[in-house]
Every structure is written in C-alpha cells, then in structure tokens.
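In: The following block contains a protein sequence and its predicted model.
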Amino acid sequence: MTIGGSCFCGAVKYRIDGKLHDARSCHCSMCRKAFSAQASAYALVDPGEFSWVSGEQLLTTYAAENGSGLQFCSRCGSTLCGIVDGKVHGITLGCLDGDPEVTLGMHIFVGSKARWEKIPDGVPQHDAGPTPKVTGNE
Ligand SMILES: [Zn+2]
Ligand SMILES: [Zn+2]
C-alpha cells in the first residue's frame, strides 16, 4: 500500500510504499516535550520504504549524540519522523494523511506519564519500554 503524510503547513510531504507497524504511544517526559503533548504517537517503518516527496530542504533535525532524533518542519513545527543513524525509523501518526491502516497497539512508559493525564482503557499499558520482561518473578 501507499501511505502519505504531510506537515501542518503542507510544505513537507512524504510517502511510504509499504506498511507501518508497531504503532504505540509513549508517555515519557522526553516525548511530552518533543511533541508538546501528553504523549507521542508513532509507528515504525522500514527505512527503505520511506521517501520524501517535497519540502525536504525545510526539515530540521534535532538529534542526540547517538544519532537518534527527530525531524520537523522548520516552517510550521510539525514533528514528522524519528531517525536512527540518519535514517527515518518512526513516523508520527498525527501527520499521516488518509487511513494508514494501523491502530495504537500499546501505551509505553506509562510509569512516567504526566499526573494530569488519564489514559483510556482498552489498550495494553507498560510502565517502561515496549518489551515487557518475560523472565518471571524476581
Ligand atoms: Zn510545515
Ligand atoms: Zn517517549
């Protein structure tokens, strides 16, 4: 399938020739700041299936020393994607256009969510990362 996305001002557009997977919402304190919201909501993409359609020159990258970070439109501020080693790795669900055929499958880092946030029931919640420990009792 082909999935499209764009920023708030419409200058930056991308397409995905494939599928999104592992959609999740992260409630950690860093995501709250980076997304100016109660949580981030994003899905993972195969970097080989992602391409910019327009406005790539408007992208600004904010990255940590380990090379992972975010790319956003310098004109309107929409956060479009997360990058790992300079490659697009995660797509913010808010900037997708149309029906991307994914639904949020989990809430992560719920243990550090804002005190004012109430997460609706019905989707699995994890106190920390997306892979719960399966090693049993400690
Ligand atoms: Zn924009
Ligand atoms: Zn987070």
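Out: Sure, I can see it. Ligands and ions are numbered 1, 2, ... in the order given.

In: Does the residue most central in space within the chain belong to a helix, a strand or coil?
Out: What sits nearest the mean C-alpha location of the chain, by CA atoms, centre = their mean, is residue 42, with 2.7 Å. Assigned by DSSP: H, G, I helix; E, B strand; the rest coil, the conformation of residue 42 is strand.

In: what's near enough to touch it?
Out: Applying CB atoms under 8 Å, 6 or more residues apart in numbering, one finds that residue 42 lies in contact with 23, 24, 26, 82, 90, 91, 92, 93. (Each C-beta comes from the backbone N, C-alpha and C, glycine too.)

In: Would you list the phi and psi of residue 58?
Out: phi -90, psi -10 (degrees, to the nearest 10).

In: Quick one: neighbours of it, just the number.
Out: 15 (other CB atoms under 10 Å).

In: what's the answer for residue 36, then?
Out: By other CB under 10 Å, the burial measure for residue 36, its neighbour count, is 9.

In: Look up how far residue 11 lies from it.
Out: Distance of residue 36 to residue 11, computed by CB to CB, to the nearest Å: 19 Å.

In: With residue 97 instead?
Out: Per CB to CB, residue 97 is found 14 Å from residue 11.

In: Ok, residue 21 next?
Out: 27 Å.

In: So which of the two has more stuff around it?
Out: residue 11 (18 against 11).

In: Which residue is the nearest non-sequential neighbour of that one?
Out: On the basis of CB to CB, 6 or more residues apart in numbering, the spatially nearest residue to residue 11 that is not a chain neighbour turns out to be residue 55, at 4.1 Å.

In: ok, residue 63 - how many residues close by?
Out: Burial of residue 63 is recorded as 15 neighbouring residues (other CB under 10 Å).

In: For residue 130, give its distance to residue 60.
Out: 27 Å.

In: Find me the pLDDT at the residue nearest to the centre of the chain, would you?
Out: The model reports residue 42 with a pLDDT of 96.
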